[in-house]
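Trainee: Quick one: sequence plus predicted model below, questions after.
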Amino acid sequence: MQADVIIVGSGLAGSVAALAAAAKGAKVILVDRGPIGLGSNTAMADGIFTNVSSRYNANAYVKDTINIGKDINEVSRVHAISTSVSSAFEFLESQGFEFISTSDVRVIKQHDASLMKGNYLARMLAKRVTQSKKIRILKGCYIRNLIEVDGRVDGVRGFDNQGNDVFVSSASVILATGGAGAIYQRNDNQKNIMGQGYRMAAMAGLGLWDMEFVQFYPLVFNEPSLPSILVYSPYPEGLRLVDGKGADLLKEAGLPGITEAIKFSRDELSRFLYQRIDRGIFLDFTGIDDRFWKQAPMKHYVKFLFNFKEKPVKVSPGAHFFMGGVKVDENGATSLPGLFACGELVWGLHGANRRGGNALTECVVSGLAAGNGASSLANQGFLPNREFPRDKQVSEIKNASSSLSELSRLRASLQNLSWLRAGIVRSDSDIRHGLDEARHIGNKLENILPVTPRERKLACDVSSALFVIRAILTASLARTESRGAFFREDYPNENNEAWRCNSCLVYDKDGDEFSLSHHPADRMC
């Protein structure tokens with residue numbers, strides 16, 4: 001199988017990249033392990049994008065983004081995003097998408113009010129890429145690794161739902177796999193977002209930048225009958241945040257109402273609640289006026305199997321977004337020839353903390369850049385289809401047995417490890433314990449032989465999660481300060497003199513270890 005451009009991941013960034021490359025005439029294969037668009041975090045988003053306009057210009061955008069990122073953003077990337085916002089949205093509008101705009105925000109305009117905004121956006125994207133004659137969709141395919149030939153990417157390798165090996169040769173590969181929020185026990189990501197792209201990129205020799213910086217959202221549904229999604233704003237008058245005995249937690253924290261606390265003190269509230277989870281954390285909607293239940297987002301909550309009007313609902317902080325990732329240029333190209341990246345996988349825009357709305361904006365801008373860049377490279381000459389060695393089939397392996405239950409236990413152990421050792425509040429002791437526990441889990445994983453396609457997918461997920469956890473812990477141990485979304489209780493203050501810098505992890509496959517370096521952060525001119 002071959003294509004001009006292969007895109008791994010069909011969320012907003014991957015779909016925009018596919019549409020952009022197809023618009024340039026490239027033959028595109030869009031690969032995803034699940035349903036197009038709907039298996040991504042795009043489907044769970046709030047549909048809000050940061051905007052640049054005549055009333056909120058590029059300079060203001062850059063200043064605000066770097067201020068929230070605590071001055072360790074890659075300044076050149078922030079500038080590049082700021083100057084590309086308008087053209088990126090023009091491209092989406094050319095594809096039939098509509099937006100409601102203010103000076104600094106764009107919101108997706110829905111024509112189906114029964115859906116939450118992110119779900120509507122994902123469905124529209126799926127419709128657009130499916131309609132394109134230049135885009136071939138490969139669903140149910142798990143991409144395991146990149147294929148490299150003569151110092152450049154030559155395609156991807158994986159397997160389908162029947163366990164058959166899949167090889168796709170191409171001139172350009174775009175990774176649009178998202179972040180790794182689901183490695184945490186409590187998160188608001190899709191359940192399979194476990195850092196697969198970070199692992200593939202690092203195994204191919206790319207550096208992983210600022211992996212210690214993970215953003216958490218303070219209010220995520222934590223009831224067995226509810227989806228694990230964040231509780232979206234706007235928050236209605238009368239909504240209370242209480243513990244299991246009904247005590248007012250915002251009052252205890254010395255924070256204002258929920259809307260103000262989320263807007264101005266989100267990280268502080270996340271830390272406060274994280275340290276009080278054993279008391280129970282609840283949102284009490286019982287006193288809310290009926291008119292609010294007819295408005296978004298609350299009108300969507302009533303569809304869930306929970307009676308919000310009669311009893312408080314359990315919530316908790318949850319992993320939300322990864323600021324770290326791989327470095328790309330203005331065309332979305334990585335330092336490995338033929339490999340591009342876009343979306344949450346990419347580093348540089350956010351610094352130590354992400355500004356609200358920048359995730360979706362980055363997906364559009366970086367997806368467009370990667371799609372255009374990858375198609376331009378493909379036009380320079382297509383590599384011939386190659387013969388690749390096939391995996392040994394399970395039937396050829398003696399004494400193979402089911403490993404699903406053990407892999408599920410390891411996944412749960414890793415999620416618990418992340419939450420306790422690499423979570424909202426970290427410390428030297430916790431991080432070191434976490435690294436020891438990760439080694440122990442890694443030893444167990446090495447002795448497991450996955451048999452079925454489902455087991456193979458889970459084994460790859462667990463391997464990626466383990467890889468990312470080790471990266472987070474390694475970078476966290478070295479940074480002896482607190483900055484943005486990163487908080488160490490043993491070093492609670494920001495230290496610009498020593499730590500206004502970016503971390504970079506490079507993986508050594510032979511030694512199975514990371515080398516860590518630090519680089520002075522850009523300064524805004």
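Mentor: On my side now, so go ahead.
Trainee: In three-state terms, label Ala471 for me.
Mentor: Following DSSP: H, G, I helix; E, B strand; the rest coil, Ala471 is assigned to helix.
Trainee: what's the answer for Tyr217, then?
Mentor: Classification of Tyr217 by three-state DSSP places it in strand.
Trainee: Could you tell me how many residues sit around it?
Mentor: Burial of Tyr217 is recorded as 23 neighbouring residues (other C-beta atoms under 10 Å). All C-beta spots, glycine's among them, are computed from the backbone N, C-alpha and C.
Trainee: and the gap between the closest residue to Glu437 other than its chain neighbours and Ile469?
Mentor: Leaving aside its chain neighbours, Glu437 sits nearest to Leu417 (5.2 Å; criterion: C-beta to C-beta, 6 or more residues apart in numbering). If you measure Leu417 against Ile469 using C-beta to C-beta, to the nearest Å, the figure is 6 Å.
Trainee: one step back: wait, the residue nearest to Glu437 touches Ala438, no?
Mentor: Yes - under the criterion of C-beta atoms under 8 Å, Leu417 makes contact with Ala438 at 6.6 Å.
Trainee: Which residues are in contact with each of those two?
Mentor: Common contacts of Leu417 and Ala438 (C-beta atoms under 8 Å, 6 or more residues apart in numbering): Ile469.
Trainee: Domain-wise, how is the protein divided?
Mentor: 2-213+321-378, 220-319, 402-496 (automatic domain parsing).
Trainee: Ramachandran coordinates for the residue nearest to Trp499 when sequence neighbours are not counted?
Mentor: Nearest residue to Trp499, sequence neighbours excluded (C-beta to C-beta, 6+ apart): Glu481, at 4.5 Å. Dihedral pair for Glu481: phi -160, psi 180, per degrees, to the nearest 10.
Trainee: quick one, what contacts Glu481?
Mentor: Per C-beta under 8 Å, 6+ apart, neighbours of Glu481: Arg488, Tyr491, Asn493, Glu494, Asn495, Ala498, Trp499.
Trainee: Those: which two are farthest apart?
Mentor: Arg488 and Ala498 (13.3 Å; C-beta to C-beta).
Trainee: Which residue ranges of this protein form helices?
Mentor: Along the chain, the segments classed as helices by DSSP state H run 12-23, 58-68, 75-94, 117-131, 196-203, 249-253, 258-264, 266-274, 298-301, 358-378, 404-421, 428-446, 453-478, 496-499.
Trainee: could you dump the last one to CSV, C-alpha only?
Mentor: Put plainly, it is helix 496-499. Presented in CSV, the C-alpha positions along helix 496-499 are these (Å, rounded to 0.1, in the frame of the first residue of the first chain):
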residue,chain,number,x,y,z
ASN,A,496,13.7,32.2,36.9
GLU,A,497,17.4,32.5,37.6
ALA,A,498,18.0,28.8,37.4
TRP,A,499,14.9,27.4,35.6
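Trainee: Now do that helix: everything it contacts.
Mentor: The contact list for helix 496-499 (C-beta under 8 Å, 6+ apart) reads Asp71, Arg479, Thr480, Glu481, Arg483.
Trainee: now do the third one
Mentor: Surrounding helix 75-94, the residues in contact under the criterion C-beta under 8 Å, 6+ apart are 16, 19-20, 49-52, 58-59, 61-62, 65-66, 69, 99, 106, 330, 348-349, 361-362, 364-366, 368-369, 522-525.
Trainee: Mind giving me the PyMOL select for these, buried ones only?
Mentor: If you want just the buried ones from these in PyMOL, going by 16 or more other C-beta atoms under 10 Å, the selection is:
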select buried, resi 16+19+20+49+50+51+52+58+61+62+65+66+69+106+348+349+361+362+364+365+366+368+369+522
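Trainee: higher neighbour count, Arg488 and Ala498?
Mentor: Arg488 (21 against 10).
Trainee: what separates stretch 250-259 from the chain centre, distance-wise?
Mentor: Offset of stretch 250-259 from its chain centre (C-alpha atoms, centre = their mean, to the nearest Å): 29 Å.
Trainee: Kindly apply the preceding question to stretch 24-38 instead.
Mentor: The chain centre lies 18 Å from the centre of stretch 24-38; the measure is C-alpha atoms, centre = their mean.
Trainee: buried stuff in that stretch?
Mentor: Lys24, Ala26, Lys27, Val28, Ile29, Leu30, Val31, Asp32, Arg33, Ile36, Gly37, Leu38.
Trainee: same deal with stretch 450-459?
Mentor: Pro450, Val451, Pro453, Glu455, Arg456, Lys457, Leu458, Ala459.
Trainee: okay, these in JSON lines with pLDDT and distance to Gly158 next?
Mentor: As requested, the buried residues of stretch 450-459 are exported to JSON lines (pLDDT from 0 to 100; distance: C-beta to C-beta, whole Å):
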{"residue": "Pro450", "pLDDT": "93", "distance to Gly158": "14"}
{"residue": "Val451", "pLDDT": "89", "distance to Gly158": "17"}
{"residue": "Pro453", "pLDDT": "94", "distance to Gly158": "11"}
{"residue": "Glu455", "pLDDT": "95", "distance to Gly158": "15"}
{"residue": "Arg456", "pLDDT": "95", "distance to Gly158": "10"}
{"residue": "Lys457", "pLDDT": "96", "distance to Gly158": "10"}
{"residue": "Leu458", "pLDDT": "97", "distance to Gly158": "14"}
{"residue": "Ala459", "pLDDT": "97", "distance to Gly158": "13"}
